[in-house]
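In: Okay, here's the prediction I keep looking at, along with the sequence it came from:
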Amino acid sequence: MCGTGVLLMRRGAAAYIKLMHNESSYPVNRLERGMKSKGKRAQQRLKTRAAILDATESIMREEGYAAVSSRRIEEKAGLKSQLVHYHFGNMNKVFLALYRRSEELFFSRMLKVLASADPLKKLWDLSIATEESTLVLEFTAIATHRKEFRDELVRSADRARSLENAILAKAFGNRKSYNLKVNPNVFSFILQSVSRAVIMERGVGITKGHSEILEFIESILKNWKLESDDD
């Protein structure tokens, strides 16, 4: 007599039903466990990659991109050796991944600027923000030495310039009679050039002339805002 027949005779129908349920559900349970295991591994992978990028960004802000290495990243993030290369392959791919993450965050903020009631002032506030511009300057420095990164920067810059022009076109459209007539492309370039020059000089302790140029930009923005309100 087979094992299940003996079990049925000795323990009754309830034991037999329980045995059959366990046997039939085993493949399903194994599949569920496998899916959960893969899900946990994927989550851990994303968590590790995020930690690597966070550590890279922190080092770049504090010491500049030249101080970034796989060993420094792993020390900063508290990770085991070789995990940077395991997840990204090389440092160029780390920088690219960080740049793309920063780019998406920047463009989400730019879209909020475009939707704001005073896009011109909001654009200037975003441009002069030290935290954001410091990272941009480091990315620009990387691009001077790495062609692949340079191509990425050019692509992103074109995208950013188009969005800045849309913001300025919206702002200029609300100011019909102000006596300073300037192409949005030109004004966009002026804002970005002034903000980056100020931030770059601040980083090395130069501040002479900054208050005057910032007051000048703020006065232009204020006059445009008053003009818009009057219209």
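Out: Everything's here; your move.
In: residues contacting the closest residue in space to residue 127 that isn't next to it in sequence?
Out: In this structure, residue 127 finds its nearest non-sequential neighbour in residue 195, 3.9 Å apart by CB to CB, 6 or more residues apart in numbering. Where you see a C-beta, it was placed from the backbone N, CA and C, and this is true even at glycine. Residue 195 makes contact with 124, 127-128, 133, according to CB atoms under 8 Å, 6 or more residues apart in numbering.
In: got it, and residue 109?
Out: Counting by CB under 8 Å, 6+ apart, residue 109 makes contact with residue 126.
In: ok, it to residue 119 distance?
Out: Using CB to CB, to the nearest Å, we find residue 109 at a distance of 12 Å from residue 119.
In: Okay, helices next: where are they in the protein?
Out: 3-11, 13-63, 70-77, 83-88, 91-115, 119-128, 130-143, 147-173, 184-203, 210-230 (DSSP state H).
In: how many other residues sit next to residue 187?
Out: Neighbours of residue 187 under the rule other CB atoms under 10 Å: 19.
In: how close does the residue nearest to residue 127 get to residue 75?
Out: For residue 195, the distance to residue 75 equals 33 Å [CB to CB].
In: got it, and residue 153?
Out: Taking CB to CB, one finds residue 153 at 28 Å from residue 75.
In: cool, residue 120 as well?
Out: 43 Å.
In: got it, and residue 135?
Out: Distance of residue 135 to residue 75, given as CB to CB: 21 Å.
In: So between those two, which is more surrounded?
Out: residue 135 (18 against 13).
In: Surely that one is in contact with residue 57?
Out: Yes - with contacts counted by CB atoms under 8 Å, residue 135 reaches residue 57, the gap being 7.0 Å.
In: who touches both of those two?
Out: In contact with both residue 135 and residue 57: residue 102, using CB under 8 Å, 6+ apart.
In: which of the contacts of residue 195 lies closest to residue 165?
Out: Checking the contacts of residue 195 against residue 165 by CB to CB gives residue 127 as the nearest, at 13.9 Å.
In: Assess the claim that the closest one and residue 190 are in contact.
Out: No - shown here, residue 127 and residue 190 do not form a contact pair, counting by CB under 8 Å, at 10.3 Å.
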